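Colleague: Dropping the sequence and predicted coords here.
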Amino acid sequence: MDCLVLLGQALDKGVFEQLAPPLQVAIFLGALSFAMGMLVSVTAFTRIIIVLSFVRRALTTQEIPPNPVILGLSLFLTLFVMAPTIRTINETAVQPYLEAQKLAATAPGETAATPVFGMSEAWENTSAALRTFMLHNTREADLQLFVELSNSPPPSDPNQIALQVLIPAFVVSELKTAFIMGFCIYIPFLLIDLVVSTVLMSLGMMMMPPVVVATPCKLLLFILVDGWQLISRALVTSFGG
């Protein structure tokens, strides 16, 4: 059984409420850091922020756009891409759990006779939605690698793959996809660098740094082709959106 399912069952039994307040605060702060890890590991955030970082490096504009802008754009593009998954989680996990909690609060004597939608059920539905998204965007070779490394038999149903196997396979697949997209982004800007360097050498201007002339040319090309729109479209459609 997944350790996170066990955690959900422990929360259903009220273990968290029985802890001392300092321990509750410590667990809550630890959960926040775990939430950041989940954002990077099970969503589209990794691919998006790496590709946007490649764009900034290819343009040779140093820290323009600044890091907060890159992070903010990556976050909201992630929310845009993950909107169907988030909607599924809300409909199948969050709302049923809130309704069950409301029912338990209004009619505590009747909850024993009716099935309770607890934290473990909510986590199962949440993990099912995330698993569907990750399986859709994970290469079969990467998934097979981590299945072999886990020394577990290949499951007959992909939906039965454990999260501790699926998540690293998804992250590795995202890194590979992001680097492929970054390579494709670099090619036209590399050609500009080569052309500018050749022209400067032919003119005898060997002491002139090519980046001084190449950067405005790159910016002009990026503006003329509406680069940010193209990058956003490519990122969203790369996830099948």
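Modeller: Perfect, thanks for sending it. Numbering: from 1, shown residues only.

Colleague: now the helices for this protein?
Modeller: Listed in chain order, the helices of the chain (DSSP state H) span 3-12, 21-41, 45-59, 67-81, 83-89, 95-106, 119-136, 140-149, 163-202, 210-224, 227-238.

Colleague: shaky segments in this structure?
Modeller: For the chain, the stretches with pLDDT under 70 are 1-32, 101, 104-105, 107-120, 241.

Colleague: Trp123: how many residues sit nearby?
Modeller: Residues lying near Trp123 (other Cβ atoms under 10 Å) number 20. From N, CA and C alone the C-beta is placed, and that goes for glycine too.

Colleague: give the contact list for Phe176.
Modeller: Small correction: residue 176 is Lys, not Phe. Applying Cβ atoms under 8 Å, 6 or more residues apart in numbering to Lys176 gives the contacts 139, 142.

Colleague: what are the phi and psi angles of the residue in the chain sticking out farthest from the centre?
Modeller: What lies farthest from the middle of the chain is Gly204; by Cα atoms, centre = their mean that is 48.2 Å. Here is the backbone geometry of Gly204 (degrees, to the nearest 10): phi 80, psi 10.

Colleague: who touches the residue lying closest to Leu71 once chain neighbours are set aside in this structure?
Modeller: Ranked by Cβ to Cβ, 6 or more residues apart in numbering and with sequence neighbours excluded, the top spatial neighbour of Leu71 is Ile49, at 7.1 Å. With contact taken as Cβ under 8 Å, 6+ apart, Ile49 is in contact with 70-71, 74.

Colleague: Top of the residues you listed by number of neighbours, please.
Modeller: Greatest neighbour count in the contacts of Ile49, by other Cβ under 10 Å, goes to Ser74: 21 neighbours.

Colleague: I'd guessed Tyr97 sits against Glu124; true?
Modeller: No - look at Tyr97 against Glu124 with Cβ atoms under 8 Å: they stay out of range, at 11.2 Å.

Colleague: list residues touching both of those two?
Modeller: Here Tyr97 and Glu124 share no contacting residue, scored by Cβ under 8 Å, 6+ apart.

Colleague: neighbour count winner among those two?
Modeller: When Tyr97 and Glu124 are compared on other Cβ under 10 Å, the one with more neighbours turns out to be Tyr97, at 19 against 15.

Colleague: Quick check: the more buried one vs Leu71, distance?
Modeller: For Tyr97, the distance to Leu71 equals 30 Å [Cβ to Cβ, to the nearest Å].

Colleague: how many other residues sit next to Val213?
Modeller: Neighbours of Val213 using other Cβ under 10 Å come to 17.

Colleague: what about the residue nearest to it when sequence neighbours are not counted, how many neighbours?
Modeller: Excluding its sequence neighbours, the residue lying closest to Val213 (Cβ to Cβ, 6+ apart) is Val196, at 5.0 Å. Neighbour count of Val196, defined by other Cβ under 10 Å: 20.

Colleague: now swap in the one 4 residues further on and tell me
Modeller: Residues near Leu200, counting by other Cβ under 10 Å, number 18.

Colleague: Give me the distance between it and Thr61.
Modeller: 20 Å.

Colleague: what do you get for Asp142?
Modeller: With Cβ to Cβ as the criterion, Asp142 and Thr61 are 33 Å apart.

Colleague: What of Leu163?
Modeller: As judged by Cβ to Cβ, Leu163 and Thr61 stand 39 Å apart.

Colleague: Comparing the two, which shows the higher neighbour count?
Modeller: Remark: of Leu163 and Thr61, Leu163 carries more neighbours, 18 against 14, as counted by other Cβ under 10 Å.

Colleague: sorry, back to before: the residue nearest to Val213 contacts Thr215, doesn't it?
Modeller: No - here Val196 lies out of contact with Thr215, judged by Cβ under 8 Å, at a distance of 9.4 Å.
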